[in-house]
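Using only what follows, build the 3D model:
(2 chains)
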Amino acid sequence: MISWREVVVSFGDVVVVGPVTLTVGDGEWVGLIGPNGAGKSTLLKAAVGIVPHEGVVDLGDRKGEAGKDIAWMPQRPLLPDEMNVANYVLLGRTPHLGYLGSESGHDLDSVRNAIERLELVDLSDRPLSTLSGGEAQRAVLARALAQEAPVLLLDEPTSALDVGHQQQVMELIDQLRREDGLTVLSAIHDLTLAGQYTDRLVMMDHGVVVADGSAREVLTEERIMDHYEARVRVAESNEDGLTVTPMRRPQ
Amino acid sequence: MRAAAGARPIAPARIGAGRWLVAAGLLLVAVLAGLLAGSVPLDPVDVVRALADRLPLITVEHGLDEVQTRLLFELRMPRVVMGGLVGAVLAVAGAGYQGVFRNPLADPYLLGVAAGAGLGATAVIGTGAGPAAIPIVAFVGGMAAVGATYVLSRTVGGRTTTSLILAGVAVAAFATAIQTFLLQRSYETLREVYSWILGRLVTVGWAEVWSLLPYALLASSVLVALRRLLDVLGLGDEEAVGLGVNVTGVRRLVVVAATLATAAAVSVSGLIGFVGIIVPHIIRMLTGWSYRVIVPLSLVVGATFLIVADLGARTLVAPAELPIGVVTAFIGAPFFLLVLRTTRGSS
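Numbers count the residues shown, from 1 in each chain, chains lettered A, B, ... in the order given. I've put the predicted structure just below:
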């Protein structure tokens, strides 16, 4: 599990996040939604120590070491052109190595395992620059998985992908968290996907949590108008949940 | 069942025995050539035998007389060893700067570090303080220069490749201006400093070798030890922090080590430019992206490169000698443009 308690992030005098109090339970997948600039990415970064914060980020019986206890996947990962997939995933073992260490057999096994589960075996010696968007996203996920951290923070894992790859990645995250009992918090823009796949939705706006609950509770037309200034239709689709469809303004 | 491709081993980037052999072989050839070149011809077989004779527990007969033996061990040998050491540390410093700044054009010369160190060294020579103070003051000058370059590049133009280099040019010009000012005021040291500015390995003896060695060993050990983390820094600061790396600490340590190496090299040999950009790039072109490969190989290839460049400096206009800085700049400037073209093309 991971919880933020009274977490505040400010740049100079400007408070960009908080105070936020939020808990994601063991094995739970929470979708973090909200308009651009709501503070979703910053909240995730605060947990890993990329931005300094006040308040407490608590991982229960874990110490909350960046990398070891929390794996963070950025929105736009920097992929060194010539690095190959295997070596990229291998960098996920960094938190376990110490500054002067080198990889043990166990480290290589973890990497092999991550590569196999994300079906990157045939791509493992390909340079990152030759991967398609979907393949690159899988490589980044594999690197996060190789960290073997119990908590996974994903910043817009599907933003660069077409609808087919979006579904693939969401299915994959679902499978991984079920198999490994991972705790997942993912910032996500697509409200329909967010509602269909995650256990719970948390909506942020102007740095604070404005709604927290099931998709049916959080995704209402009024709330989306209030916070996104978007006209949408929320409809029951089938047993999978809701669909959120943008509506054009009347001419 | 595993597909055939699944059997492909997952292995960190490494140098491999073949590359080590080639690099070491080239270094050996360069060393021998460096020992043989000169106005007094020495028989290659005798030189090899005389070298073997110096190894512990081995006695080998050789045909060199006493004068030739002294020429070999007191004049040519320290010069070759010094060339190798200076080349090794300048190349590895370049690789280190390129890693922490994520900038393929970073180089002790282009970042202004060499000029800052040169200013420090000039100040020491000008005041007539002992030679032992030179590397330390040169280090202070180098650190001030690299700090100024970094801060300047961030304030003017974010973190682009060229803004760092432009800032380095400005800092180097400023340091050089102060240096010239100091020189004007102490006319008697002008000649001494001028010959040193152009880079020289001419007057080197074992004393200079021993004065450089501890700094070279310390700085290279730090850079070699941190080579894997340079690959992690390649993912960007945020991701490196996310992977549990103390980015600021690692960056400082690498910059301090690379600057120490540069300052020590500059103190004994003057300003020898472009080694830090040429050598890591040749290695990168031949072996790929990983600093796990680039950093250790830079030591060996850098040593080879500067021994060969010195050979050129000694023989191209014999019996006169070119400053070695002129030789490296002759190769380095076009090379720099080539790298600039390719990096700008890809970004």
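
Poorly predicted segments of the chain, please.
No chain was given, so I picked chain A. Applying pLDDT under 70 to chain A picks out residues A:239-240.

if you could check chain B rather than the one you did, that'd help
In the predicted model, chain B carries pLDDT under 70 at residues B:1-8, B:128-131, B:157-161, B:187-189, B:191-192, B:194-203, B:343-347.

who's in contact with the residue nearest in space to the middle of it?
Most central in chain B under CA atoms, centre = their mean is residue B:90, positioned 1.2 Å from the mean C-alpha point. Residue B:90 makes contacts with B:108, B:261, B:262, B:265, B:272, B:275, B:276, B:279, B:302, B:306, as judged by CB atoms under 8 Å, 6 or more residues apart in numbering or on different chains. For glycine as for every other residue, the C-beta is placed from the backbone atoms N, C-alpha and C.

could you redo the last one with a cut-off of 7 Å?
Taking CB atoms under 7 Å, 6 or more residues apart in numbering or on different chains, we find residue B:90 in contact with B:108, B:262, B:265, B:272, B:275, B:276, B:302.

Output those residues in TSV; the columns should cover distance to residue B:29.
Formatted as TSV, these follow (distance: CB to CB, whole Å):
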residue	distance to residue B:29
B:108	26
B:262	27
B:265	23
B:272	21
B:275	19
B:276	23
B:302	15
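
And those residues, which of them are buried?
Neighbour counting by 16 or more other CB atoms under 10 Å in any protein chain shown classes B:108, B:262, B:265, B:272, B:275, B:276, B:302 among the contacts of residue B:90 as buried.

By proximity to chain B, which residue of chain A wins?
residue A:67 (3.2 Å; CB to the nearest CB).

quick one: that residue and residue B:243 touch, right?
Yes - the criterion here is CB atoms under 7 Å, and residue A:67 meets it with residue B:243 at 4.4 Å.

For chain B, which residues are neighbours of chain A?
Contacts of chain B with chain A, taken as CB under 7 Å from any CB of the partner chain, map to B:3, B:5-6, B:8, B:10, B:12-13, B:225, B:229, B:231-232, B:234-236, B:238-239, B:241-245, B:288-290.

Now the residue of chain B found nearest chain A: closest residue in space, sequence neighbours ignored.
Closest approach between chain B and chain A, counting by CB to the nearest CB: residue B:244, at 3.2 Å. Of all residues not flanking residue B:244 in the chain, residue A:67 sits nearest, at 3.2 Å (CB to CB, 6 or more residues apart in numbering or on different chains).

So residue A:67 and residue B:243 - more neighbours on which side?
Taking neighbours as other CB atoms under 10 Å in any protein chain shown, residue A:67 and residue B:243 compare with residue B:243 leading, 27 against 24.

hang on, the earlier thing: identify the contacts common to residue A:67 and residue B:243.
Joint contacts of residue A:67 and residue B:243 (CB under 7 Å, 6+ apart) are A:94, A:95.

about what we covered before: give me the buried subset of the residues of chain B next to chain A.
B:8, B:10, B:12-13, B:229, B:231-232, B:234-236, B:238-239, B:241-245, B:289-290.

Please flag which of those sit within strands.
For these, not one is inside strands, with DSSP state E as the criterion.

Mind listing residues that contact stretch B:204-219?
Outside stretch B:204-219, the residues touching it (CB under 7 Å, 6+ apart) are B:78-79, B:81-82, B:85, B:88-89, B:135, B:257-258, B:260-261, B:264-265, B:268.
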